[in-house]
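Novice: Below are the sequence and a predicted model for it; my questions follow.
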Amino acid sequence: MKIGLYFGTFNPIHVGHLIIANHMVENSDLEEIWMVVTPHNPFKKKSSLLENNHRFELVYRATENYSKIKPSNIEFKLPQPNYTVHTLAHISDLHPENEFCLIMGEDNLKSFHKWKNYEVILENHHIYVYPRIAEGKVESQFSNHSKIHKVDAPIVQISSTMIRNGIKNKKNIQPLLSKEVWEYIDEMNFYKK
Ligand SMILES: Nc1ncnc2c1ncn2[C@@H]1O[C@H](COP(=O)(O)OP(=O)(O)OP(=O)(O)O)[C@@H](O)[C@H]1O
Ligand SMILES: O=C(O)c1ccc[n+]([C@@H]2O[C@H](COP(=O)([O-])O)[C@@H](O)[C@H]2O)c1
């Protein structure tokens, strides 16, 4: 099976993430999308980060009604910070029957040359890139690469930061989250301080 891996901190998962995952699985040759919850992105500070299990629970609840989108906690037991090249090797060893592709926003492609062993990632995996508004340029080595495929997904300007700040400032951010995600965040009093 051809599977798209959508990595993220998902603190919390929002409708922007779901729109991308659903668009990818419905409009490409990817048969399933696995949302891989990252404990620690090597480029990000761990502050205001909800515990791994809570972020996973939110992804689980958000994707429960999507048969082709699955949550994954595969990175929880891997060394931190989480380098994607290691996770891809691990996941491919565990599931040799599947082909794993990487899903990435154009913003991440702009800094992809800074990722650990990015050449190894490109040697072994295809990357599906969706448009994203961000400063900077995609390096020329990636612009016509045979392993990098552009998918014309919609651009949604929502971020987890916007949601965390909104909750802290007592704003209604419910339309930005799945109902199940909002209910769990509210019930658990997440992001209020
Ligand atoms: N609205 C969006 N549309 C498309 N891709 C997104 C959107 N928000 C985040 N992403 C991408 O999804 C992946 C996971 O997102 P991440 O968990 O970092 O969310 P975020 O909203 O960017 O978080 P934060 O605001 O905390 O930095 C990243 O590759 C990120 O670039
Ligand atoms: O492997 C790397 O060098 C690397 C550098 C930056 C980001 N990543 C991964 O990219 C994913 C997206 O992260 P985030 O926090 O923007 O959702 C997450 O799984 C990170 O671990 C990976």
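Specialist: Sure, I can see it. Numbers count the residues shown, from 1 in each chain. Ligands and ions are numbered 1, 2, ... in the order given.
Novice: which residue of this protein sits farthest from its center?
Specialist: Within the chain, the residue lying farthest from the chain centre (Cα atoms, centre = their mean) is residue 170, at 26.4 Å.
Novice: just the helices in this protein please.
Specialist: Under the criterion DSSP state H, helices of the chain are mapped to 15-27, 52-63, 84-94, 106-110, 118-124, 140-143, 160-168, 179-187.
Novice: which of those is buried the deepest?
Specialist: Among the helices of the chain, helix 52-63 has the highest mean neighbour count (mean count of other Cβ atoms under 10 Å), at a mean of 21. C-betas here are computed from N, CA, C, even on glycine.
Novice: name the helices or strands packed onto that one?
Specialist: helix 15-27, strand 32-37, strand 69-72, helix 179-187 (3 or more Cβ pairs under 8 Å, 6 or more residues apart in numbering; DSSP states H and E).
Novice: about what we covered before: TSV for the helices of the chain, including distance to residue 44 and mean pLDDT?
Specialist: As requested, the helices of the chain are exported to TSV (distance: least, Cβ to Cβ, whole Å; pLDDT from 0 to 100):
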stretch	distance to residue 44	mean pLDDT
helix 15-27	16	98
helix 52-63	13	98
helix 84-94	13	98
helix 106-110	12	95
helix 118-124	18	98
helix 140-143	22	95
helix 160-168	11	96
helix 179-187	20	98
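Novice: residue in this structure nearest to ligand 2?
Specialist: Residue nearest to ligand 2 within the chain: residue 7 (3.1 Å; Cβ to the nearest ligand atom).
Novice: how about the residues of this protein near ligand 1?
Specialist: For the chain, the contact set with ligand 1 under Cβ under 6 Å from any ligand atom comprises 8-11, 16-17, 20, 105, 107-108, 132, 156, 158-161.
Novice: what does this structure put close to ligand 2?
Specialist: Contact residues (Cβ under 6 Å from any ligand atom) of the chain with ligand 2: 7-9, 38, 41-44, 82-85, 115-116.
Novice: thinking again about what came up before, return the residues in contact with the residue of the chain closest to ligand 2.
Specialist: 36, 38, 84, 87, 102-103 (Cβ atoms under 8 Å, 6 or more residues apart in numbering).
Novice: ok, the closest residue to residue 145 other than its chain neighbours - contacts?
Specialist: Of all residues not flanking residue 145 in the chain, residue 122 sits nearest, at 7.0 Å (Cβ to Cβ, 6 or more residues apart in numbering). If a contact means Cβ under 8 Å, 6+ apart, then residue 122 has 145, 147-148 as its contacts.
Novice: Can you tell me who the residue of the chain closest to ligand 2 pairs with across the strands?
Specialist: Residue 7 forms beta bridges with residue 36, as assigned by DSSP bridges.
Novice: pLDDT score for it?
Specialist: pLDDT for residue 7: 98.
Novice: ditto for residue 42
Specialist: If you check residue 42, the pLDDT there is 88.
Novice: How many neighbouring residues does the closest residue to it other than its chain neighbours have?
Specialist: Using Cβ to Cβ, 6+ apart and skipping the chain neighbours, the partner closest in space to residue 42 is residue 81 (3.8 Å). Using other Cβ atoms under 10 Å as the criterion, residue 81 is surrounded by 14 other residues.
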